[in-house]
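Undergrad: any chance you could fold what I've pasted below:
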Amino acid sequence: MRELSNGNWYAARLRVRYQESDQMGVVYHANYLNWFEIGRTEMIRQMGYTYRKMEEQGLLLPVTGLDVKYHKPARYDDEIIIFTRIAAFSGLRLNYEYDVRRMSEEPDEHMAIGERVWSTDESLPGERLVTGSTQHVWVNGDWKPVRLDKAASELYSALEKVWLSGKG
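TA: Numbers count the residues shown, from 1 in each chain. Prediction:
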């Protein structure tokens, strides 16, 4: 498994919905896991691929491991950016890293989400709330491990390109 400690960050924006918070207006801790999924789904979309297309090719990418660190709580109506990057990948496995941040109320023209990528040497905007990672394995419809480079070479090449671009 090739590891990448300093990959490029892709971003997805959302606003905390009322249903995601408790009576105190604080986001329930498990909702961050949904946000991680949003981050990786949008990263793949920004790369020109979709999870739907992967599934149509008979590929699934279940979570096999999860790490989360809570720094500060998100609150109802906060504007959130989920930064996502590939931390490691091989033909069989893919690991993501996340940095969930609260944006200030100040308008910020450089935040054209989906139109840019943050390189490893750039500071991410916003206030850090949660960091984490997920580990995944490529499987087919029968949940048997599958080598992505053999089953979907186009997707493998796209991921490899993202991984290599983060190596600088």
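Undergrad: tell me the SS of residue 86?
TA: strand (DSSP: H, G, I helix; E, B strand; the rest coil).
Undergrad: ok, it - how many residues close by?
TA: 24 (other CB atoms under 10 Å). In short, each C-beta sits where N, CA and C put it, glycine included.
Undergrad: from residue 9, how far off is it?
TA: Distance of residue 86 to residue 9, given as CB to CB, to the nearest Å: 10 Å.
Undergrad: kindly report the same for residue 33.
TA: The value you get for residue 33 to residue 9, if CB to CB is used, is 19 Å.
Undergrad: who has more neighbours, these two?
TA: residue 9 (23 against 15).
Undergrad: and that one, bridged to which residues?
TA: Beta-bridge pairing of residue 9 under DSSP bridges involves residue 118.
Undergrad: surely it touches residue 126?
TA: No: applying CB atoms under 8 Å, one finds residue 9 not in contact with residue 126, separated by 11.7 Å.
Undergrad: list the contacts for residue 96?
TA: 36, 39-40, 43, 84-87, 133-134, 136 (CB atoms under 8 Å, 6 or more residues apart in numbering).
Undergrad: helix, strand, or coil at the residue of the chain most remote from its centre?
TA: Most distant from the centre of the chain: residue 23, at 28.1 Å, with distances by CA atoms, centre = their mean. Of the three states, residue 23 takes coil under three-state DSSP.
Undergrad: the residue nearest to residue 85 when sequence neighbours are not counted and residue 155, how far apart?
TA: For residue 85, ignoring the flanking residues on the chain, the nearest one in space by CB to CB, 6 or more residues apart in numbering is residue 7 at 4.0 Å. Distance from residue 7 to residue 155, counting by CB to CB: 17 Å.
Undergrad: show me where this structure has helices.
TA: Ranges of helices within the chain are 31-46, 51-56, 148-151, 153-166, based on DSSP state H.
Undergrad: winner for burial among those?
TA: helix 31-46 (a mean of 19; mean count of other CB atoms under 10 Å).
Undergrad: that one: how far from the chain's middle?
TA: For helix 31-46, the separation from the chain centroid amounts to 5 Å (computed by CA atoms, centre = their mean, to the nearest Å).
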